[in-house]
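Peer 1: Mind folding the following:
(chains A, B and C)
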Amino acid sequence: MQYLTGSIEIITKINELTSAKILWVDTEIADWYTEKPRLSIIQVLTKANDAASQSVYIFDVLDKHDLISYFINQIMINPQIEKVCHNASFDLKYLGSIDAQNITCTLKKARRISKEVLQVSNLQLKTLATELCNFSDVDKEEQGSDWGRRPLTQKQLKYAAMDTVYLAAVHQRLLAFSKANVLTPVIEVAPSSTQPVEKPKSLTPNKLRLAFECPRLLYLNHHFGGSTLFLQTEDVIDISQFHNLVDELINLLLNKPDFIELFRPSASELVVEQIAHNIQQLYYNRIFYAYLQKATSKDSKLAQPLLKVWEGLKKLIISFAELLIINRNYCDAENVISETFIVEDRKLEHYFNLPDNSQLRVLGRYDYLVFNFDLNRLCLIEFKAYQPVDLSAQLAQVAVYSYMLSQNKKAPVDSVVYCILPFKEYYYSWEQLEHIAHELIPRKLEQMQQWLTWRAPLPNPPPATIQPHLCQICPQQQKCQSYFGGSS
DNA sequence: ATTTGTCGTTAGAGCGTGTA
DNA sequence: TACACGCTCTAACGACAAAT
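Peer 2: Purely as a prediction, here's the structure:
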């Protein structure tokens, strides 16, 4: 160890060090607890594996600002020299801060590897020296000692020198660790060729349904908003909470222990009407009655139409009861409900291959999923408050849902649509849905892209496909005629 | 276009750890 | 003591699907 105090010898040594490739650097600070901390000494190790601390140079730079600046300019800023520090951000406060180049922080390295992997109790330099590098007799006392006093004691100088020795040893060990844990190389993502024509980046099953019902309405809705539901005015009651009503029905089935007792007898002993009646009763008392009260208190005219909704829900419950009894053949009473109603993430995503060889993302969320043990098949449920205006559009919508889910599940998925006002059940088997999803949907999606990007007065406006008598109740009939003109 | 509910991302507050 | 950094947790924000 060389302890250098004279300006000339320090500058000479700094000049020597500029040819080094790597240096292990540490500092000691006097008055660190005060407003005006002073850099006391800079320790530099030039050779790793120097347990005898032969190649440590200690520069005494207390209050010698020109020497400190010289060190910073010659060593710290020089990008050719790698400087290794423990908790480098601390030393850099006195040695060039943001100007310093090519700094390696062993604390950062150690943190990245983690305490657990290193199997050490903490990441202090002294701990790493003892627990990672097996140094014994590591001195801790002098760290907080008075580095402003001169002359420095032999003990202080020994401590200061050993710090860099530990630093180099720890550094070597950490390098070995990070080499051993080479992370999987970063996967180069192929740059996606951006299409010159601006096309919708993704579509939804709901939009697809609309595209089948009326492309013009799809277009108007996309650009100008407005309602898309074809409804006779006398049908319309506010059942925006309709999905909530169904949600609560299924939650009730899943969470109410009473229903387990209901399914205690064997399947052959169970009677659909009886089961359904029980569910209806409980649901009416728990959920629907309160909803009815609340709605009619706001508007007493709602009572009559809401009773129609109830009639629909009752029939829905019968359907559920039938399915549950079928499945009771295969499940015990405790599990039949949870095995029938499958609760999981309802989001769906799929990239459809279009006829023009491009791909289009379709995103959607289905309503519910059940399993029928007799058919050994999943079945996706879609709820509609009102009768569909166009059955083929409805079919297309559930075909997309079924198809996307079947891709996830790697299994066929049937679909059923329940309409509540008035109650009607539409069952579609996977065999017909798959055909539609394969043959019809990709072409429709391609058309939709064209329709949605169409700008008046370019040719090929979206056709009006809806039947004329239904167009009379189109929610945007007026706008459609004024925008597209002619027949609707 | 606007709204509504859900869900995932992100900024930042707070805490712990490191330095003399 | 003071400051920097990173981790975690949360609140705010925005994206999204579906409905109006």
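Peer 1: CA only for contacts and neighbour counts going forward, please
Peer 2: Noted.
Peer 1: Looking at the stretch 151-300 of chain A, which residue is nearest DNA strand B?
Peer 2: A:Gly225 (3.2 Å; CA to the nearest atom of the strand).
Peer 1: neighbours of that residue, just the number please.
Peer 2: For A:Gly225, the tally of surrounding residues (other CA atoms under 10 Å) stands at 12.
Peer 1: same deal with A:Asn357?
Peer 2: 8.
Peer 1: Against A:Trp451, how distant is it?
Peer 2: The gap separating A:Asn357 from A:Trp451 is 18 Å, by CA to CA, to the nearest Å.
Peer 1: low-confidence ranges in the stretch 301-450 of chain A?
Peer 2: For the stretch 301-450 of chain A, no stretch is flagged by pLDDT under 70.
Peer 1: Which residues of it lie near DNA strand C?
Peer 2: A:Val362, A:Leu363, A:Gly364, A:Arg365, A:Tyr366 (CA under 7 Å from any atom of the strand).
Peer 1: what about the fourth one, how many neighbours?
Peer 2: Right, A:Arg365. A:Arg365, neighbours per other CA under 10 Å, totals 15.
Peer 1: Next, it: phi, psi?
Peer 2: A:Arg365 adopts backbone torsions of phi -140, psi 120, taken as degrees, to the nearest 10.
Peer 1: Show me the beta-bridge partners of it.
Peer 2: For A:Arg365, the beta-bridge partners are A:Lys347 (DSSP bridges).
Peer 1: didn't it look like it was pressed against A:Leu348?
Peer 2: Yes: judged on CA atoms under 8 Å, A:Arg365 makes contact with A:Leu348 at a distance of 5.8 Å.
Peer 1: which SSE is whichever residue of the stretch 51-200 of chain A sits closest to DNA strand C in?
Peer 2: The minimum distance from the stretch 51-200 of chain A to DNA strand C, using CA to the nearest atom of the strand, falls at A:Ser89 (5.0 Å). Using DSSP states H and E, A:Ser89 falls within helix A:88-92.
Peer 1: What average pLDDT does that helix get?
Peer 2: Regarding helix A:88-92, the rounded mean pLDDT is 89.
Peer 1: Let me know the average pLDDT across the helix or strand following that helix.
Peer 2: Following helix A:88-92 in sequence order, the next helix or strand is strand A:103-105 (DSSP H and E). Strand A:103-105 shows a mean pLDDT of 90.
Peer 1: related to what we said a few turns ago, from the residues of the stretch 301-450 of chain A next to DNA strand C, list the buried ones, please.
Peer 2: By neighbour count, with 16 or more other CA atoms under 10 Å, those hold A:Val362, A:Leu363, A:Gly364, A:Tyr366 as buried.
Peer 1: I'd say the first one and A:Asn353 touch.
Peer 2: Yep, that's A:Val362 we're talking about. No: A:Val362 is not in contact with A:Asn353 according to CA under 8 Å; the separation is 10.8 Å.
Peer 1: okay, now the domains of chain A?
Peer 2: A:2-179, A:239-342 (the TED database).
Peer 1: Just confirm yes or no for the longest one near DNA strand B.
Peer 2: Yes: if you take CA under 7 Å from any atom of the strand as the test, domain A:2-179 does meet DNA strand B, through A:26-30, A:32-33, A:86-87, A:90, A:107, A:122-126, A:143-144, A:147.
Peer 1: before we move on, what about the last one?
Peer 2: No: taking CA under 7 Å from any atom of the strand as the criterion, domain A:239-342 and DNA strand B are apart, separated by no less than 8.7 Å.
Peer 1: And that domain, how far out from the chain middle?
Peer 2: 34 Å (CA atoms, centre = their mean, to the nearest Å).
Peer 1: How about the first one?
Peer 2: Centroid separation for domain A:2-179 versus its chain: 42 Å, with CA atoms, centre = their mean.
Peer 1: residues touching the residue in the stretch 351-488 of chain A positioned nearest to DNA strand B, list them.
Peer 2: Residue nearest to DNA strand B within the stretch 351-488 of chain A: A:Arg365 (9.6 Å; CA to the nearest atom of the strand). Residues in contact with A:Arg365 (CA atoms under 8 Å, 6 or more residues apart in numbering) are A:Arg346, A:Lys347, A:Leu348, A:Tyr401.
Peer 1: Of those residues, keep whichever come out buried.
Peer 2: Buried among these by 16+ other CA under 10 Å: A:Leu348, A:Tyr401.
Peer 1: Can I get the contacts of A:Arg365 in a markdown table including distance to A:Val389?
Peer 2: Output for the contacts of A:Arg365, formatted as a markdown table (distance: CA to CA, whole Å):
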| residue | distance to A:Val389 |
| --- | --- |
| A:Arg346 | 25 |
| A:Lys347 | 26 |
| A:Leu348 | 25 |
| A:Tyr401 | 19 |
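Peer 1: what's around A:Thr12, how many residues?
Peer 2: Around A:Thr12 there are 10 residues (other CA under 10 Å).
Peer 1: Look at it and report its pLDDT.
Peer 2: Value for A:Thr12, per-residue pLDDT: 96.
Peer 1: With A:Ser266 instead?
Peer 2: So A:Ser266 comes in at 93 (pLDDT).
Peer 1: go on, A:Leu262?
Peer 2: pLDDT for A:Leu262: 93.
Peer 1: Leaving out sequence neighbours, find the closest residue to it.
Peer 2: A:Ile275 (7.0 Å; CA to CA, 6 or more residues apart in numbering).
Peer 1: any idea how far the one you found is from A:Glu339?
Peer 2: 17 Å.
Peer 1: next one: A:Val272
Peer 2: 18 Å.
Peer 1: same thing with A:Leu452?
Peer 2: 42 Å.
Peer 1: One more: A:Ile29?
Peer 2: For A:Ile29, the distance to A:Glu339 - CA to CA - is 69 Å.
Peer 1: number of nearby residues for the closest residue to A:Ser136 other than its chain neighbours?
Peer 2: Distances taken as CA to CA, 6+ apart place A:Thr130 nearest to A:Ser136, at 6.1 Å, with adjacent residues excluded. Using other CA under 10 Å, A:Thr130 has 16 other residues around it.
Peer 1: hang on, the earlier thing: by contact count, what packs against the helix holding A:Ser89?
Peer 2: Contacting helix A:88-92 under the criterion 3 or more CA pairs under 8 Å, 6 or more residues apart in numbering; DSSP states H and E are the following elements: strand A:103-105.
Peer 1: Mind doing that once more with 7 Å?
Peer 2: Using 3 or more CA pairs under 7 Å, 6 or more residues apart in numbering; DSSP states H and E as the contact test, no helix or strand touches helix A:88-92.
Peer 1: which other residues reach that helix?
Peer 2: A:Asp26, A:Thr27, A:Cys105 (CA atoms under 7 Å, 6 or more residues apart in numbering).
Peer 1: ok, those residues vs DNA strand B, which is closest?
Peer 2: Nearest to DNA strand B, judged by CA to the nearest atom of the strand, of the contacts of helix A:88-92 is A:Thr27 at 5.7 Å.
Peer 1: Next, find the distance separating that closest one from A:Asn353.
Peer 2: 64 Å.
Peer 1: Give me the more crowded residue out of the two.
Peer 2: A:Thr27 (21 against 17).
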